[in-house]
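Asks: Sequence plus the predicted model coming up.
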Amino acid sequence: MKEDNITRINLDGRELILIGTAHVSRQSAEQVKEVIEAERPDSVCIELDEQRYQSVMDSNKWKETDIFKVIKEKKATLLLMNLAISSFQNRLAKQFEIKPGQEMIQGIESAKETGANLVLADRNIQITFSRIWHNLGWLGKGQLLTSVFFSIFSRETISEEELEKMKSQDTLNAVLAEFTESFPKLKTPLIDERDQYLAQKIKEAPGKKVVAVLGAAHVPGITKEIHKEHDLVGLAQTPPKSVVPKILGWIIPVLLITIVAYTFIANPTAGFDQALSWILWTGTTAAIGAAIAFGHPLAILSAFIAAPITTLHPLIASGWVSGIVQAYYRRPNIGDFETLSEDVFTVKGFWHNKVTRILLVVVLTNLVGSLGAFIGGADVIRLFFKNF
């Protein structure tokens, strides 16, 4: 049996065998099968969380998605990012005619065949995205979305040599590799914390012999972290939100409303100009965002109407309004969910599928509309000082 990409660790009288894999490598899947059958471990750990495991085991899981619930729970951006990452993986798998995540599927099947305990060892991907998102400012979030989408929809093919290099990264790392160079602190939630989480789950797996199927990027970190104790509960928590944005979220709208109200009293014409500027900047940019997503005409109109109001309320976003309108008039059907995995493979498919179209309406309305709120607020202040 080849020992390439295999790390053996003896810990407190137990043997832990780490298999470093590439998530789109046929050889990796074959090696997983070979190792598990030869070692007959008590437990097999795989780099999946419950959500991704259910997706692997039930390819029809997408059909149960409640798109209205996704919007209301403010998970549209996270779901869109998740789909984007999947499309990158599917592009590689399609190029090399292999099933994405085959090594994880093989780990599941081999665990069942050998009677080993199956351990889902990775942290929930939405927690990881939330902790990444938490470390970014408004500009960084825009750059992250841009970076991910440009990486995904690149038409460049990947050579076998480059594929082998990807064995040092997992799919999420590969998409965000360049971005993490610009934002080094993203390495903590993306790699370091997951190394700690995976290491603790592997260490806690039952039995004397444990095989872990992992993206090769995590093997060096896990090898180091497995000798330490880590708090799984703490690592799995969504980061607490700072009170500063909440306070500013109320202070800035109140300040703008106060400025406009005062101007109206002192100079009605100038007050009207301020209000008009705010409405046009916020409404137009939000509508442009919905239009870029090819939203339904009423979704675009709702974005324009809602933005001047929602931008003054920290708990409501114009994208949620336009997204719900889009979902109402262009409700996804079973066919949209059935073709989702293929549609996210191309730019055209992303905009054509009703599911991703709704997510794009939400995200782009909010993103472009935020720019309008910034410009509109600055113009309100400019007009105030100009007249007083």
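Replies: Looks like it arrived, so ask away.

Asks: distance of the nearest residue to residue 293 once chain neighbours are set aside from residue 294?
Replies: Counting by C-beta to C-beta, 6 or more residues apart in numbering, residue 360 is the residue found nearest to residue 293 once chain neighbours are left out, at 3.8 Å. To be clear about C-beta, it is placed using only N, CA and C from the backbone, and glycine gets the same treatment. Computed with C-beta to C-beta, to the nearest Å, the distance linking residue 360 and residue 294 is 8 Å.

Asks: between these two, what contacts are shared?
Replies: Both residue 360 and residue 294 are contacted by residue 351, under the criterion C-beta atoms under 8 Å, 6 or more residues apart in numbering.

Asks: Comparing the two, which residue is more hemmed in?
Replies: Shown here are residue 360 and residue 294; by other C-beta atoms under 10 Å, residue 360 has more neighbours (24 against 16).

Asks: Quick check, pLDDT for that one.
Replies: The score at residue 360 is 89. That number is its pLDDT.

Asks: Pretty sure it sits against residue 351.
Replies: Yes: the criterion here is C-beta atoms under 8 Å, and residue 360 meets it with residue 351 at 6.8 Å.

Asks: For the residue nearest to residue 14 when sequence neighbours are not counted, give its distance to residue 11.
Replies: Nearest residue to residue 14, sequence neighbours excluded (C-beta to C-beta, 6+ apart): residue 208, at 5.3 Å. As defined by C-beta to C-beta, residue 208 lies at a distance of 11 Å from residue 11.

Asks: re earlier: check which residues of the strand or helix carrying the residue nearest to residue 293 are buried.
Replies: Assigned by DSSP states H and E, residue 360 falls within helix 354-387. Across helix 354-387, burial judged by 16 or more other C-beta atoms under 10 Å covers 354-373, 376-377, 379-380, 383-384.

Asks: What separation is there between the residue nearest to residue 293 and residue 199?
Replies: Distance of residue 360 to residue 199, computed by C-beta to C-beta: 37 Å.

Asks: again, but for residue 365
Replies: Residue 365 is 41 Å from residue 199, by C-beta to C-beta.

Asks: One more: residue 13?
Replies: Between residue 13 and residue 199 the computed distance is 18 Å (C-beta to C-beta).

Asks: neighbour-wise, which of these two wins?
Replies: The neighbour comparison of residue 13 against residue 199 (other C-beta under 10 Å) goes to residue 199, with 26 against 6.

Asks: Could you verify my assumption that that one touches residue 230?
Replies: Yes: using C-beta under 8 Å, residue 199 is in contact with residue 230, at 6.6 Å.

Asks: So for residue 217, what pLDDT did the model give?
Replies: 80.

Asks: ok so it is a helix residue?
Replies: Yes: the assignment for residue 217 (DSSP: H, G, I helix; E, B strand; the rest coil) places it in a helix.

Asks: Please give me every residue in contact with the residue nearest to residue 14.
Replies: Counted by C-beta under 8 Å, 6+ apart, residue 208 has contacts 13, 14, 15, 42.

Asks: what's the nearest residue to the third one once chain neighbours are set aside in contact with, if anything?
Replies: It stands for residue 15. Nearest non-adjacent residue to residue 15, counting by C-beta to C-beta, 6+ apart: residue 209, 4.9 Å away. By C-beta under 8 Å, 6+ apart, the contact list for residue 209 reads 14, 15, 17, 39, 40, 41, 42, 43.

Asks: And the strands in this protein?
Replies: Listed in chain order, the strands of the chain (DSSP state E) span 6-11, 14-21, 43-46, 117-120, 209-215.

Asks: OK, contacts around residue 352?
Replies: Here residue 352 is in contact with residue 343 (C-beta under 8 Å, 6+ apart).

Asks: Looking at the residue lying closest to residue 342 once chain neighbours are set aside now. What's its pLDDT?
Replies: Leaving aside its chain neighbours, residue 342 sits nearest to residue 349 (6.7 Å; criterion: C-beta to C-beta, 6+ apart). On the pLDDT scale, residue 349 is placed at 77.

Asks: And residue 145, by the same measure?
Replies: Per-residue pLDDT puts residue 145 at 65.

Asks: Check residue 230 too.
Replies: Residue 230 is assigned 94 on the pLDDT scale.

Asks: Would you mind measuring from it to residue 117?
Replies: Residue 230 is 20 Å from residue 117, where distance means C-beta to C-beta.

Asks: Between the two, which has more neighbouring residues?
Replies: With neighbours defined as other C-beta under 10 Å, residue 230 and residue 117 compare such that residue 230 has more, 18 against 14.

Asks: Just read off the phi/psi values of that one.
Replies: According to degrees, to the nearest 10, the main-chain angles of residue 230 amount to phi -130, psi 150.

Asks: just checking, it touches residue 200?
Replies: Yes: between residue 230 and residue 200 there is a contact under C-beta under 8 Å: 4.3 Å.

Asks: check contacts around the closest residue to residue 278 other than its chain neighbours.
Replies: Excluding the flanking residues, the one nearest residue 278 by C-beta to C-beta, 6+ apart is residue 376, at 4.6 Å. For residue 376, the contact set (C-beta under 8 Å, 6+ apart) comprises 277, 278, 280, 281, 282, 311.
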